[in-house]
Every structure is written in structure tokens, then in C-alpha cells.
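Undergrad: Predicted coordinates and the sequence they were generated for:
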Amino acid sequence: MNTKGLLVEPDFINLEKYLQSGNRTEITDKIRKISKTIDGASDGILVKKILVWINQNTIRLNSSNNPRKFKRTATEILESRERTGCCDSSTLFTALARSKGIPTMQIITFCVDWAKNLISGKKVETSGHFFTSCYLKDAHGKSDWVLIDSDQPTQNIKDIRLQILNRNNRNIRNNYYAFAYVNDYSNISFNESKIDSIANMGRVQLFALQNSDKNDFLRDREEER
């Protein structure tokens, strides 16, 4: 994995790290109460059911400038039954998955097209995405890190396809480039900025882009064409 501009490296071996709560992903009694209602015959079925529960019991808002973005805990998101975007979806999913004993990390990215526009001198709004990754056992007892888009709309576990996380390539599906693999996004700061507002999210993404190896994500986009 190219580590240039990677603000937080993943620790794929230390599973216990990704079972620990952070400020945003704290496993409270309310989180535990909901998680007890969700069950599955395998880890894969379980995380799919968590995704379906989130989609059926919370509303995904479409306001890009919602002032609650990057400010709430999983419990606050649960209580409101509203998700302001991919960060909220990732935060709630992470808390619920960990409460079921599944190691889960948040993966923070910037959009490659956004980066290309900035590199070419165009002024564009911040663009990125929060993914999650869970360490799951398959039906044969083999375990690996699986990439999950916890913000993807879904109402049926049959519609969810899980894919193995590529540990060596930071290019995440759908045109996103990872710059931080974290236990909890609120526990860290980058270039003296915490991810606690829309403005600071933009500053962090810009800092990551400025310190990244541009060829690492631009080359892959060209090869896909």
C-alpha cells in the first residue's frame, strides 16, 4: 500500500483495536438494545441485517449543508432516526456492528474526480465518502476484512453484495481514494483540524490530497477506462 498522504494507516492484525468504542461510536445501552433485536446465522448475514435495519428504521437526509454533519454520536443519530450523510451511516453501523462483537473500522476517502478538478485549477466543493470495513468469518470459517458501504440504500439482504477489502490498494470502489483507516473519526486530528464540521472536513481532505502521491489514484482511473 502506498502510504504517502495516508493520514492514518490501517492495523489489520490488531482486531481488538476495532472493537473499542470512540467518542462517536460509543456502545451505549440504547445501541445494545437495538443490536439485541438483530441476529444472523453468520457474520455476513448479521452485517447485512444491520444495514437493512438502519435503512428501515432511519431516514437518510439529502441536505449537503446540514449543520449536524460530523457532530453526532451513534446514539444521537439513533435517537433522531435521521442520518445526515455517509458519516452518520458509518458511525451508526460501526457502533451496532461492534456491539455484536464484529471488528469494524471507518475508512475516510476523498473523491478522485474532486481531486482531479482541484489539480487542474478548478474550484469545487468538498467531495468524499465514509466507508466501513468489518472482519468477518465466511461459511467455511475463513476470515478477512470486507468492504461495506454503510450509506447504500437497501431494504433486503439479498440485494447486498460484500467484497473483500483490497489491503494493498487505497482506491476504493466508485471513484474514491482512502486517506484514513480509523477506529473512530472523532478521536484524531489532521494538520490541527478535527473532523467536527463541514469546513474542517474539507480542510482535512485538502491536506490529504496535497500530501498524496497523485499517480497512485490517477493511474488507476486511467487504467479503468
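TA: The structure has been received and is ready for your questions. Keep in mind the model is a prediction, meaning the values are calculated, not measured.

Undergrad: need the helices for this protein, in chain order.
TA: Assigned by DSSP state H, the helices in the chain fall at 29-35, 43-57, 74-80, 86-99, 112-119, 198-210, 214-224.

Undergrad: What about Asn191, how many residues nearby?
TA: The number of residues packed near Asn191 is 13, by other Cβ atoms under 10 Å. Using the backbone N, CA and C atoms, a C-beta is placed for each residue, glycine as well.

Undergrad: picking up where we left off before, name the stretch among the helices of the chain that sits most buried.
TA: helix 86-99 (a mean of 27; mean count of other Cβ atoms under 10 Å).

Undergrad: tell me which strands and helices that one is in contact with?
TA: Packing contacts for helix 86-99, counted by 3 or more Cβ pairs under 8 Å, 6 or more residues apart in numbering; DSSP states H and E, involve helix 29-35, helix 43-57, helix 74-80, strand 82-83, strand 104-111, strand 128-137.

Undergrad: thinking again about what came up before, now the helices of the chain as a markdown table including distance to Asp149?
TA: Converted to a markdown table, the helices of the chain look like this (distance: least, Cβ to Cβ, whole Å):
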| stretch | distance to Asp149 |
| --- | --- |
| helix 29-35 | 20 |
| helix 43-57 | 9 |
| helix 74-80 | 17 |
| helix 86-99 | 8 |
| helix 112-119 | 16 |
| helix 198-210 | 18 |
| helix 214-224 | 18 |
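
Undergrad: Out of the ones you listed, flag the one nearest Arg170.
TA: Smallest distance to Arg170 across the helices of the chain (Cβ to Cβ): 6.8 Å, for helix 214-224.

Undergrad: ok, the most centrally placed residue in the chain to Val182 distance?
TA: In the chain, the centroid-proximal residue (Cα atoms, centre = their mean) is Phe131; its distance is 2.6 Å. Distance of Phe131 to Val182, given as Cβ to Cβ, to the nearest Å: 11 Å.

Undergrad: what do those two both touch?
TA: Residues touching both Phe131 and Val182 (Cβ atoms under 8 Å, 6 or more residues apart in numbering) are 106-107.

Undergrad: Done for today, thanks.
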